[in-house]
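Enquirer: Predicted model and sequence follow; I will ask about them next.
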Amino acid sequence: MTHLKPQTRLLIVLGAAVILLPCGPVFAAGGDDPVADFTFSPSNPVAGQPVQFTDRSQGGPDTWEWDFDDGGNSTQRNPTYTFDEEGSYDVELQVENDEGRDDIRMEIVVSGSGVSEPEASFSFSPSEPVAGQSVQFTDTSTGGAADSWEWDFDDGTNSSARNPTHSFDAEGSYEVTLTVSNSAGSSDAREQVEVEEGQGEPEASFSYSPAQPAVGQAVRFTDTSGGGDPESWEWDFDDGDASSAQNPSHSFSEEGTYEVRLTVENAAGSSDAVEEITIATNETKPQANFSFSPTNPEVGQTVRFTDTSGGGDPESWQWDFDDGDSSKAANPTHSFSEEGSYEVTLQVGNSAGSSDAVKEVTVAMTEEPPNANFSYSPSDPVVGQTVRFTDTSGGGAAEYWEWSFGDGGESTEQNPTNAYDEAHSYTVSLRVVNSEGSDTASKSVKVEIGPILKEITFIPAASLAAGAAGSFFQTDVDIENGDDVLATFAFLWLPRGADNKEPVQSDSFMLGPGASARYPNILAEVFGLSADVNGAIAIISDSEDLAVMSRTYNLPNAKASGTFGQAIPGVPDDELLRAGDRGRIIFMSQDDDFRANLGCVNGRIYNLRVFIDLYDPEGALLETKTMDLAPWSNKQLNKIFNAYAPTDGYAVVRSNTSGAAFYCYGSVLDNTSSDPTTITPVLQ
């Protein structure tokens with residue numbers, strides 16, 4: 001095939017018009033000669049702006065030569081190129097394949113920098129920061145590209161970073177300003193950042209025990225950090241191992257000195273602490289000893305052997321079962337195939353030496369299947385109490401135990417324990433098995449909430465604590481027995497924010513028919529507490545007719561004294577809000593004269609979540625907050641409408657946790673006297 005010289009063309013761009021002029025003779029050619037062509041974007045580039053060149057040639061070229069008319073070249077098919085100066089550039093593309101080659105030129109007009117003035121804007125996260133928490137500010141400015149940034153955080157600090165982080169030391173409202181600029185000009189943007197009260201960063205520290213650990217010995221590390229409460233823990237044991245537990249255990253496999261580091265962190269920041277731990281060689285010889293179960297095994301029954309050696313920690317175990325079998329496990333299992341007496345030997349050793357122990361195991365023939373039976377103690381368990389189940393099966397010796405506790409819990413131990421989380425009658429079953437067969441026994445176990453509990457009533461808020469503006473609050477409780485028989489009751493203290501699955505219970509009290517009693521300053525006088533404590537109180541009773549009322553008030557000798565105070569009635573269990581209920585709390589005033597708080601108490605001994613919808617007076621939803629409550633726990637959100645003040649809004653409380661039972665209340669306080677008023681929920 002004859003290769004003919006391709007034609008040369010000149011492409012001139014004039015505004016929106018493109019003119020293609022032949023620059024040489026045109027020859028006809030056979031085959032697939034390449035025909036050069038390309039495009040570029042943007043069509044009106046400015047100096048310093050990347051230009052994308054795209055090959056549009058036909059005929060299947062396999063090489064490309066670009067000349068950008070400013071000394072720059074490229075052999076890429078679709079290069080990106082930047083012209084540093086304004087001007088007119090005659091860009092040439094030459095393409096080639098085995099059939100021939102072709103080229104094309106285009107004039108590209110590059111204008112000046114074309115910089116426009118930036119339009120300032122920014123965002124920040126989190127949207128509701130607390131004092132001491134790091135806030136990420138992000139420049140989202142549009143318009144011309146900015147080349148400088150000036151941030152004013154309205155707390156006396158500034159930054160020139162494009163996307164800085166900043167933490168505010170105190171709660172309050174801050175007007176943050178961003179000023180962006182380039183050679184064309186500048187603009188600024190302002191955003192209001194509402195900072196709530198929060199905790200500071202934690203101060204890492206820890207202890208460990210024992211103080212002089214040996215190789216292979218478990219070392220217990222305990223977090224003793226101060227400052228703000230940590231939310232995460234990272235341990236580095238300097239031997240390649242790590243842990244994220246709060247209080248981990250760790251053993252070191254070699255002697256030496258290790259620098260153990262703990263890093264603690266919360267939303268406000270992080271800190272770390274380092275302690276040097278010296279691990280010594282375990283030089284004490286172990287003293288062999290062991291136990292076995294069952295103590296009267298039968299032929300074919302699994303016998304569990306447990307190393308109980310004292311002295312130094314063993315590093316090796318050698319068991320001889322006197323029937324030709326052996327094991328090197330620390331705690332092996334073994335079954336004997338024939339009846340008889342066997343002298344079982346355990347030899348333990350470490351680097352300091354070894355010792356052995358011998359015990360006689362008598363194995364009897366299995367003659368019958370087991371007859372299942374069991375007992376449990378205590379006979380009248382209460383919620384959270386440990387119940388010990390004891391296998392009392394008769395017949396042939398059992399080899400396997402299968403327990404079902406009726407609450408989803410199971411065990412294969414011979415004599416297990418279980419604790420129940422709710423008051424209920426549970427069907428407990430035990431299935432016992434040996435080589436001759438199996439048998440099952442079932443019993444009903446009734447679990448009560450407490451030793452005297454038939455009824456429970458909640459006082460959702462109680463205090464012995466200082467408040468704002470020099471106030472100091474304490475709580476009195478009045479109880480009246482409306483029954484015609486003697487009533488017995490006790491108080492439970494439920495500290496705010498705590499997991500109260502096992503609350504502190506007072507001594508028992510009794511009230512005659514129609515009698516009443518007052519318990520002044522109940523947190524100090526009944527529970528022996530001292531300031532500052534806040535929480536809730538539950539009253540457990542054998543009577544359905546106790547009337548309960550509390551009064552939380554500002555002491556007269558406090559700096560800011562109020563009047564009668566906040567009267568909060570006791571809420572019986574059957575009046576608690578349930579899952580799916582909507583309780584409306586109105587008259588939540590937040591302005592210069594009043595502040596509105598909102599608290600909730602969990603009436604169940606499992607976790608639940610409460611949703612709090614805040615509305616303005618016209619019924620428009622402002623936001624939804626969440627409150628996570630541990631068992632029988634309680635919390636209070638202060639100044640809940642502060643971000644929307646002044647307002648006379650209302651709140652709707654609800655929960656979708658299955659089985660939820662809870663109570664929420666509003667507390668509106670006079671800012672001058674700190675005198676509180678209770679707002680009870682209205683069921684919608």
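Expert: Thanks, I have the structure now. Numbers count the residues shown, from 1 in each chain.
Enquirer: contacts and neighbour counts: CA atoms only from here.
Expert: Fine.
Enquirer: What segments of the stretch 551-684 of the chain are strands?
Expert: Here the stretch 551-684 of the chain has its strands, by DSSP state E, counting those that start in this stretch, at 566-569, 571-572, 577-578, 583-590, 594-602, 608-615, 621-629, 634-637, 647-654, 661-670, 676-679, 682-683.
Enquirer: Same list (these) but as TSV, adding mean pLDDT and mean neighbour count.
Expert: Converted to TSV, the strands of the stretch 551-684 of the chain look like this (pLDDT from 0 to 100; neighbours: other Cα atoms under 10 Å):
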stretch	mean pLDDT	mean neighbour count
strand 566-569	89	21
strand 571-572	94	20
strand 577-578	94	21
strand 583-590	92	22
strand 594-602	94	24
strand 608-615	96	20
strand 621-629	95	15
strand 634-637	94	22
strand 647-654	94	22
strand 661-670	92	24
strand 676-679	89	22
strand 682-683	92	12
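Enquirer: want to try JSON lines for these, with distance to residue 306 as columns?
Expert: Shown next, in JSON lines, are these (distance: least, Cα to Cα, whole Å):
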{"stretch": "strand 566-569", "distance to residue 306": "58"}
{"stretch": "strand 571-572", "distance to residue 306": "52"}
{"stretch": "strand 577-578", "distance to residue 306": "51"}
{"stretch": "strand 583-590", "distance to residue 306": "58"}
{"stretch": "strand 594-602", "distance to residue 306": "45"}
{"stretch": "strand 608-615", "distance to residue 306": "43"}
{"stretch": "strand 621-629", "distance to residue 306": "43"}
{"stretch": "strand 634-637", "distance to residue 306": "46"}
{"stretch": "strand 647-654", "distance to residue 306": "53"}
{"stretch": "strand 661-670", "distance to residue 306": "47"}
{"stretch": "strand 676-679", "distance to residue 306": "62"}
{"stretch": "strand 682-683", "distance to residue 306": "61"}
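Enquirer: between those strands, which gets nearest to residue 218?
Expert: Nearest to residue 218 among those is strand 621-629 (35.1 Å), distances taken as Cα to Cα.
Enquirer: Next, the angle from the closest one to strand 661-670.
Expert: 120 degrees (axes from the mean of the first three to the mean of the last three Cα atoms, to 10 degrees).
Enquirer: Go ahead and name everything in contact with strand 621-629.
Expert: For strand 621-629, the external contacting residues (Cα atoms under 8 Å, 6 or more residues apart in numbering) are 497, 601-602, 607-616, 635.
Enquirer: again, but for stretch 51-61
Expert: With Cα under 8 Å, 6+ apart, stretch 51-61 has contacts from 32-42, 45, 77-82, 95-97, 101.
Enquirer: Please identify which of the strands of the stretch 551-684 of the chain is closest to residue 427.
Expert: Using Cα to Cα, those put strand 661-670 closest to residue 427, at 25.4 Å.
Enquirer: and that closest one, what other elements does it pack with?
Expert: Strand 661-670 is packed against strand 455-466, strand 577-578, strand 583-590, strand 594-602, strand 676-679, with contacts defined by 3 or more Cα pairs under 8 Å, 6 or more residues apart in numbering; DSSP states H and E.
Enquirer: thinking in terms of the whole chain, how far from its middle is it?
Expert: 27 Å (Cα atoms, centre = their mean, to the nearest Å).
Enquirer: Can you give the strand pairings for that strand, parallel or anti for each?
Expert: strand 577-578 (antiparallel), strand 594-602 (antiparallel), strand 676-679 (antiparallel) (DSSP bridges).
Enquirer: In a markdown table: those, plus distance to residue 274.
Expert: Listed next are those as a markdown table, based on distance: least, Cα to Cα, whole Å:
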| stretch | distance to residue 274 |
| --- | --- |
| strand 577-578 | 49 |
| strand 594-602 | 40 |
| strand 676-679 | 48 |
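Enquirer: Would you mind telling me which of the ones you listed is nearest residue 160?
Expert: Smallest distance to residue 160 across those (Cα to Cα): 38.2 Å, for strand 594-602.
Enquirer: Show me what that closest one is in contact with.
Expert: Strand 594-602 is contacted from outside by 460-461, 536, 588-590, 608, 629-642, 661-671, using Cα under 8 Å, 6+ apart.
Enquirer: can you list the helices and strands packed on strand 661-670 in CSV and add distance to residue 117?
Expert: Shown next, in CSV, are the helices and strands packed on strand 661-670 (distance: least, Cα to Cα, whole Å):
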stretch, distance to residue 117
strand 455-466, 55
strand 577-578, 58
strand 583-590, 42
strand 594-602, 45
strand 676-679, 54
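Enquirer: Out of the ones you listed, which gets nearest to residue 319?
Expert: When the helices and strands packed on strand 661-670 are compared by Cα to Cα, strand 594-602 sits nearest residue 319, at 54.9 Å.
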